[in-house]
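Peer 1: structure of the sequence below:
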Amino acid sequence: MDWFRMYGEFANDPKVQMMPEAMQRRLVMLFCLQCSNGIETFHETERETYIAFALRISQAELAETKELFMRKEFINSDWTLCNWDKRQYASDSSTARVRRHREKSKQANETHGTFQERSSNALEQNRTDTEQIEQKKTTPAARVPSVSAQDLAALGVEEQTAQEFLAVRKRKRSPLTELALAGIRREAAALGWSLEAALKKCIERGWQGFDASWVQNQARASPARQSNSQRIADWNAELRDVLTEGHRPMEIDMGVIDASR
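Peer 2: Okay, here's the model as predicted:
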């Protein structure tokens with residue numbers, strides 16, 4: 001696409017801004033014609049006809065325009081623009097830019113091809129960092145072996161507990177590895193728990209791992225709760241015996257129970 005330099009001074013130049021807007025537009029149109037093909041490429045005998053058509057004006061309006069533009073030194077008598085080459089650089093030519101871009105791309109491709117040919121015969125340590133990074137991306141990571149239900153059974157874990165705990169890990173997309181299992185066993189041992197008990201607690205709470213600090217308070221309270229449950233069970237058993245044998249009220253640890261009530 002052809003283009004030309006449009007300087008900011010166009011908006012403030014008295015020579016331009018004192019003209020009617022129609023004349024300002026015609027000046028810009030002349031810039032476009034010069035940029036596209038070059039006004040000098042129009043045949044001299046037909047030049048004004050072409051310009052009048054491009055500007056969409058009559059011959060009378062064209063004559064008026066030419067007189068004004070020559071007086072302001074925008075154009076020469078043959079309609080070519082004054083100072084065009086001074087204000088527009090040869091490097092602005094799109095044709096030249098495209099040619100340079102293609103030549104640069106061609107050289108880059110040739111250089112890349114030569115480099116690939118050399119690198120294919122080079123030793124491993126001579127490869128570029130980029131190539132090594134790309135290879136790491138495409139090389140699958142070494143798979144870490146996971147612990148199976150059979151492995152947990154060998155450690156004294158019931159099959160159902162093992163299967164359910166592995167299912168919890170699977171839902172969380174975290175296979176049970178030897179390292180993770182070692183951590184669970186260590187934390188369970190800190191509480192004096194078996195691996196079976198620790199895994200059951202994980203299943204109940206939906207944990208994928210186990211930490212002694214999560215259940216320390218519960219662990220300390222457990223003996224008291226177990227003792228209370230046992231005493232209540234003993235009391236219930238004695239009460240059943242009393243009712244069954246038809247005994248009268250008897251005293252037990254919690255006080256006097258009146259069987260007649």
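Peer 1: show the average pLDDT along stretch 168-182.
Peer 2: Averaging pLDDT along stretch 168-182 gives 90.
Peer 1: revised request: answer the last question for stretch 145-154.
Peer 2: In this model, stretch 145-154 carries a mean pLDDT of 89.
Peer 1: what about Ala153, which helix or strand?
Peer 2: helix 149-154 (DSSP states H and E).
Peer 1: go on, Ala180?
Peer 2: Going by DSSP H and E, Ala180 is in helix 178-191.
Peer 1: which helices and strands does that helix pack with?
Peer 2: Counting by 3 or more Cβ pairs under 8 Å, 6 or more residues apart in numbering; DSSP states H and E, the packing neighbours recorded for helix 178-191 are helix 195-205, helix 212-245. Every C-beta, even on glycine, is put in place using the N, C-alpha and C of the backbone.
Peer 1: go through those helices and find the least confident stretch.
Peer 2: Mean pLDDT is lowest for helix 212-245 out of the helices and strands packed on helix 178-191, coming in at a mean of 61.
Peer 1: point out where the stretch 1-150 of the chain drops to low pLDDT.
Peer 2: For the stretch 1-150 of the chain, applying pLDDT under 70 flags the ranges 1, 90-101, 112-142.
Peer 1: before we move on, back to that, after the helix holding Ala153, next one along is what?
Peer 2: helix 159-171.
Peer 1: what is that following helix packed up against?
Peer 2: In this structure, helix 159-171 packs against helix 149-154, helix 195-205, with contacts taken as 3+ Cβ pairs under 8 Å, 6+ apart.
Peer 1: in the longest one, what's buried?
Peer 2: Within helix 195-205, the residues that qualify as buried by neighbour count (16 or more other Cβ atoms under 10 Å) are 195-203.
Peer 1: repeat for the shortest one
Peer 2: Of the residues in helix 149-154, those scored as buried under the neighbour-count criterion (16+ other Cβ under 10 Å) are 149, 151-152.
Peer 1: got a list of contacts for it?
Peer 2: 159, 161-163, 165-166, 181, 195, 199 (Cβ atoms under 8 Å, 6 or more residues apart in numbering).
Peer 1: redo those residues as CSV? Include distance to Glu187.
Peer 2: Listed next are those as CSV, based on distance: Cβ to Cβ, whole Å:
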residue, distance to Glu187
Glu159, 23
Thr161, 17
Ala162, 18
Gln163, 21
Phe165, 14
Leu166, 18
Leu181, 11
Leu195, 10
Leu199, 11
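Peer 1: out of the helices and strands packed on helix 159-171, nearest to Asn37?
Peer 2: Asn37 lies closest to helix 195-205 among the helices and strands packed on helix 159-171, at 81.5 Å (Cβ to Cβ).
Peer 1: what helices and strands are in contact with the closest one?
Peer 2: Helix 195-205 sits against helix 159-171, helix 178-191, with contacts defined as 3+ Cβ pairs under 8 Å, 6+ apart.
Peer 1: give me the contacts around stretch 54-63.
Peer 2: 26, 29, 33, 48, 51-52, 65.
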